[in-house]
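A.B. asks: Quick one, what's the 3D model for this:
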Amino acid sequence: MCDTIVALPDATEDGAVLLAKNADTEVNEAQQILRLPRRDYLPGAAVRVTHLTIPQATHTHEVILGRSFWTWGGEVGCNEHGVAIGNEAAFSNQKCEKDGTGAIDLLRLALERAASARDAVDVIGDHVVRFGQGGNCQMMGNYWFDSGLLVADRKEAWVVNCAGHHWAARQAKSTEAISNRFQIGADWDLSSLSASRPVNGETKPDFRARFADPVREQECAADERESCAAGLLAARRGAITMHDMAAVLRDVGDEASYDVTADARPTKVCMHAGPTPARFWHATSAMITEVRPDSVVVWMTGTSATDLSIFKPLFFGVDTPSGLMPLGTDTEGTIWWRHERLHRPAMAHYRQLKPAIRAEFDALERSFQSESATVRDGSLRLKEEFVAWCWHRAAAATEAWIDRLARLPYAISHSAYRAAWERWNAEASLAFA
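C.D. replies: Prediction:
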C-alpha cells in the first residue's frame, strides 16, 4: 500500500515542483536511506535487481533512495537532475508467470537512468515490456503485485500504470494523487497498447478496463485514499507548500474521532497498522521533494508513522546521516529502529500523545524548512553542516520523547489491537514494559 502526490509549479506557492509519498510496508519492514553516487560501467555489464539479473546502463545518476532493507530497488527517491518518483502496488488481472522488474526496481532503475520525467517513463516502459513484473514483493511472504508510479521533474509530471508486460502513461494535472489502483483509462498519452486494436467498441484501448482488478483495489481502500489526497491538494491549489504536502501525508480525517483500532480497511492517507489482514501495513517512511530550476532539497523521515516523524533535509553531494543498515528485527545503531521506541509506545496512547508530539515536531520541521531557503543554493560545506545539524536536532527531540514515553505504562486496552502489536513486537525482538 502507498500514496503519492504531486503539485506542479502553477499549484505551488513559489513555483517549485513538490512530490511526496508515504511508503506503506509491513510493520517490521525497516527502511534505509542511501545516497548512490553516479557511476560509469563498461559495455556488457550486468546488474542484479531484486529478483533477476539485467543489463546495466553505461552511466547511472546520483540518487537519494529510500528502500526496504531487503530490496535492491526503492519505495521513494530523487536523482541529481530533480527527477523524483513514488511507486504504488497496483492490482491487475495478469498472472505472475516468472520473476521480473517490480515496482521497487522500476523506481530505482528510472532514477539511475533518466535525466527527465519523460525519460523515466521510457525507462519504466522499456523494462516492463522486456522483463515483466513478476516476483515476491513482500518481506514476510510470497505476495506479488503490479505497479503504479508518479514521476516528476523540474517542470512536469507523469502518471504511469503497469500491468504484466503492458504499461500506459499520461501527463499529470496541476495536482495529482495516486494510490493502489490504475488511474489511466483511454486517456493515455503513451502506452504499450498504442499498436493494439480497440475491442468492444473502444475508440482507443482502455488500459484500466482491460487490466484492473477492482476487488483487490476495494480491499485496500485505494479509491478512498486517492480521492482524499486529491481533494486536500485541490483545496490548496495555487498556494501549496512543503508543509501542505506533509499535512496530506499525515491526514487521518477528523482528528477528534479517529480511532487507530476501528477500521477494517486502510482508508486513511496516513496509514497505521491494525488488527485486520488489510491493515498489516503502515507508513514505514516518507519523502517530500522540493525541486526548483536551480536547487533540489529531498526531505526524508527515515522512520515509520509519518504523523509521529520529522522530515529532515538531504542534498546531492552530501552523505546521508541515516546510520547503519537496519534489518527486519531490532537493529542497534539504526535510526529506523531507534524511532520505534517512540512510535510503538505512542501508538498505545495515540490520541492522548499525538498533539503534543506533533506540536514539538512541527515547530522543529518548520525551522528546518525556513532555514533551508538560505542553504539550498549554498556550498557543499554549508549543506553538510546544515544536514548534520538538522538530523542531530531531530534525533535529540526523538530521544527526549523516548525518555518521556518510557515512564508511561505500555498498555493497550483493545484486545485485537494489543494482540497484533504483541506479535509484531515479538517478531522484531522488541520489548516494552
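A.B. asks: Could you use CA atoms for every contact and neighbour count after this?
C.D. replies: Fine.
A.B. asks: Report the contact partners of Leu327.
C.D. replies: Contacts for Leu327 (CA atoms under 8 Å, 6 or more residues apart in numbering) come out as Glu29, Ala30, Phe69, Trp70.
A.B. asks: That one belongs to a strand, doesn't it?
C.D. replies: No - read with DSSP: H, G, I helix; E, B strand; the rest coil, Leu327 is coil and lies in no strand.
A.B. asks: Next, it: phi, psi?
C.D. replies: The phi and psi values for Leu327, taken as degrees, to the nearest 10, are phi -120, psi -170.
A.B. asks: for the closest residue to Ser179 other than its chain neighbours, which residues make a bridge with it?
C.D. replies: Counting by CA to CA, 6 or more residues apart in numbering, Ser179 lies nearest to Asp3, which is 4.7 Å off, once chain neighbours are set aside. With DSSP bridges as the criterion, Asp3 is bridged to Asn22.
A.B. asks: And the pLDDT for Asp3?
C.D. replies: pLDDT recorded at Asp3 is 95.
A.B. asks: Determine the number of other residues adjacent to it.
C.D. replies: 31 (other CA atoms under 10 Å).
A.B. asks: what do you get for Asp40?
C.D. replies: Neighbours around Asp40, by other CA under 10 Å: 11.
A.B. asks: May I ask you to confirm that it is in contact with His61?
C.D. replies: No - counting by CA atoms under 8 Å, Asp40 does not reach His61; the two are 9.1 Å apart.
A.B. asks: would you list every one of the strands in the stretch 51-200 of the chain?
C.D. replies: 53-55, 59-60, 63-68, 76-79, 84-90, 146-152, 157-163, 166-171, 175-178, 190-191 (DSSP state E, counting those that start in this stretch).
A.B. asks: Show me what the third one is packed up against.
C.D. replies: Here strand 63-68 touches strand 31-36, strand 76-79, helix 103-113, going by 3 or more CA pairs under 8 Å, 6 or more residues apart in numbering; DSSP states H and E.
A.B. asks: Could you identify which of those is most buried?
C.D. replies: By mean neighbour count, with neighbours taken as mean count of other CA atoms under 10 Å, strand 76-79 ranks first of the helices and strands packed on strand 63-68 at a mean of 32.
A.B. asks: just the CA coordinates of that strand, formatted as PDB?
C.D. replies: The C-alpha coordinates for strand 76-79 follow below in PDB (Å, rounded to 0.1, in the frame of the first residue of the first chain):
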ATOM      1  CA  VAL A  76      10.900   6.700  -2.700                       C
ATOM      2  CA  GLY A  77      13.700   8.600  -4.300                       C
ATOM      3  CA  CYS A  78      15.100  11.500  -6.300                       C
ATOM      4  CA  ASN A  79      18.100  12.000  -8.600                       C
END
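A.B. asks: what's in contact with it?
C.D. replies: Contacts of strand 76-79 (CA under 8 Å, 6+ apart): 21, 23, 61-67, 84-87, 107-108, 111-112, 286-287, 289, 298.
A.B. asks: switch the cut-off to 6 Å
C.D. replies: Glu62, Val63, Ile64, Leu65, Gly66, Ala84, Ile85, Gly86, Leu111 (CA atoms under 6 Å, 6 or more residues apart in numbering).
A.B. asks: so which of these would you say is closest to Tyr258?
C.D. replies: Gly86 (26.6 Å; CA to CA).
A.B. asks: Would you agree that closest one is in contact with Leu150?
C.D. replies: Yes - the criterion here is CA atoms under 6 Å, and Gly86 meets it with Leu150 at 5.5 Å.
A.B. asks: among the helices and strands of the protein, which has the poorest mean pLDDT?
C.D. replies: Every helix and strand of the chain was ranked by mean pLDDT, DSSP states H and E. The lowest is helix 214-219, at a mean of 90.
A.B. asks: So what's the model's average confidence on the next helix or strand after that helix?
C.D. replies: Sequence-wise, the next helix or strand downstream of helix 214-219 (DSSP states H and E) is helix 222-235. Taken as a whole, helix 222-235 has an average pLDDT of 96.
A.B. asks: same check, this time on stretch 241-254
C.D. replies: Per-residue scores along stretch 241-254 average to 97.
A.B. asks: Please write out the alpha-carbon positions of that stretch in CSV.
C.D. replies: The C-alpha trace of stretch 241-254 is given here as CSV (Å, rounded to 0.1, in the frame of the first residue of the first chain):
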residue,chain,number,x,y,z
THR,A,241,3.9,24.4,0.3
MET,A,242,6.1,21.6,1.6
HIS,A,243,4.1,21.8,4.8
ASP,A,244,0.8,21.3,2.9
MET,A,245,2.3,18.2,1.3
ALA,A,246,3.3,16.9,4.7
ALA,A,247,-0.2,17.6,6.0
VAL,A,248,-1.7,15.5,3.3
LEU,A,249,0.7,12.6,4.1
ARG,A,250,-0.3,12.9,7.8
ASP,A,251,-4.1,13.1,7.2
VAL,A,252,-6.3,10.8,9.3
GLY,A,253,-9.5,12.6,8.7
ASP,A,254,-11.2,14.0,11.8
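A.B. asks: what's next to the longest strand along the chain, contact-wise?
C.D. replies: Secondary structure of the chain per DSSP state E: the longest strand is strand 281-292. The contact list for strand 281-292 (CA under 6 Å, 6+ apart) reads 16-27, 82, 154, 271-273, 296-305.
A.B. asks: orientation of the next helix or strand after that strand relative to strand 84-90 in degrees?
C.D. replies: Note on strand 281-292: by DSSP H and E, the next helix or strand toward the C-terminus is strand 295-300. When axes from the mean of the first three to the mean of the last three CA atoms, to 10 degrees is applied, the directions of strand 295-300 and strand 84-90 differ by 40 degrees.
A.B. asks: Can you list the strands that strand 295-300 pairs with?
C.D. replies: Strand pairing (DSSP bridges) places strand 295-300 next to strand 281-292 (antiparallel), strand 312-314 (antiparallel).
A.B. asks: contacting residues around that strand?
C.D. replies: Ala286, Met287, Ile288, Thr289, Glu290, Phe311, Lys312, Pro313, Leu314, Phe315.
A.B. asks: Just the closest of those residues to Glu422, please.
C.D. replies: Nearest member of the contacts of strand 295-300 to Glu422, counting by CA to CA, is Ala286, at 24.9 Å.
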